[in-house]
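>>> here is my input; please provide its structure:
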Amino acid sequence: FNNVIAELPADEELRTWFEANRAAYDQPELLDFEQFTIEGADATAAEELAAALGEQPAPAQYAPAFRQYPRRPPGNLQSIFGESHGQRLIDAPENQWLAVESAYGWHLARVTARHPGVRADFEKVRYRVARDWEDMARKQELATAMAAIVEDYDVRYTVTRNAVEGTLRTAELDAQGGAP
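Below is the predicted model:
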């Protein structure tokens, strides 16, 4: 398998591959956000506090629970507050407090700044694109070579349990037509 060599494609094909995989090279929009937990609050109390605060700073009484998060991708808000609440924050106007729920209860949160994403310039990332393309091509060639080899064998797995060492797996490879 050490003989798998992938030669770089023509420039046009590499550019086409770059465009098809652009998300791996573009820098996403980043958001600054802040939040604090509201101990013991329910949805109504959290919504009322968010409406009362509007765009004002977080009240001093919530300082111990107040956190700021600079330059986070939008998915970070969704992972913290769930897809629905995270998307509400992403879509909300800057500096507007919103009541959002997480696994830890109700919070007030807001996006305080947006940093636009940056589209990658092919010429500036050409080396990385070429390296990634070569890696992908090697993996495809290896998969093709493995598929050809596997066609010449029967692969059988026997799974046994050993109480001390956990599950052990053994495999047998027999050439087709050969004795097991």
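>>> what stretches of this protein score poorly on pLDDT?
For the chain, applying pLDDT under 70 flags the ranges 1-6, 155-180.
>>> next, give phi and psi for Glu55.
The phi and psi values for Glu55, taken as degrees, to the nearest 10, are phi -110, psi 10.
>>> identify the residues contacting the residue nearest to it when sequence neighbours are not counted.
Using C-beta to C-beta, 6 or more residues apart in numbering and skipping the chain neighbours, the partner closest in space to Glu55 is Asn95 (4.4 Å). Glycine gets a C-beta too; all of them are placed from N, C-alpha and C. Contact analysis of Asn95 by C-beta atoms under 8 Å, 6 or more residues apart in numbering lists 55, 110-112.
>>> how about a cut-off of 10 Å?
Residues in contact with Asn95 (C-beta atoms under 10 Å, 6 or more residues apart in numbering) are 34, 54-57, 110-113.
>>> distance check, the residue nearest to the spatial centre of the chain against Pro116.
Closest to where the C-alpha atoms of the chain average out (C-alpha atoms, centre = their mean) is Gly75, at 7.7 Å. Distance, Gly75 to Pro116, by C-beta to C-beta, to the nearest Å: 16 Å.
>>> Ala103 too?
31 Å.
>>> in the chain, which helix is the longest?
For the chain, the helix with the greatest residue count under DSSP state H is helix 122-150.
>>> now do the strands in the chain.
Per DSSP state E, the chain carries strands over the ranges 30-37, 67-72, 98-102, 105-115, 153-162, 166-175.
>>> what's the neighbour count on Arg71?
11 (other C-beta atoms under 10 Å).
>>> can I assume it is in contact with Pro116?
No - applying C-beta atoms under 10 Å as the test, Arg71 and Pro116 come out as separate, 11.8 Å apart.
>>> centre of the chain to stretch 37-57, how far?
30 Å (C-alpha atoms, centre = their mean, to the nearest Å).
>>> ditto for stretch 141-150
29 Å.
>>> in it, what's buried?
Buried residues in stretch 141-150, defined by neighbour count with 16 or more other C-beta atoms under 10 Å: none.
>>> using PDB, list the CA coordinates for that stretch.
Provided in PDB are the C-alpha atoms of stretch 141-150 (Å, rounded to 0.1, in the frame of the first residue of the first chain):
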ATOM      1  CA  GLU A 141      -6.900   4.800  -4.500                       C
ATOM      2  CA  LEU A 142      -6.400   2.800  -1.300                       C
ATOM      3  CA  ALA A 143     -10.100   2.000  -1.100                       C
ATOM      4  CA  THR A 144     -10.100   0.800  -4.700                       C
ATOM      5  CA  ALA A 145      -7.000  -1.300  -4.000                       C
ATOM      6  CA  MET A 146      -8.500  -2.800  -0.800                       C
ATOM      7  CA  ALA A 147     -11.800  -3.600  -2.600                       C
ATOM      8  CA  ALA A 148      -9.800  -5.500  -5.300                       C
ATOM      9  CA  ILE A 149      -7.900  -7.500  -2.600                       C
ATOM     10  CA  VAL A 150     -11.100  -8.200  -0.500                       C
END
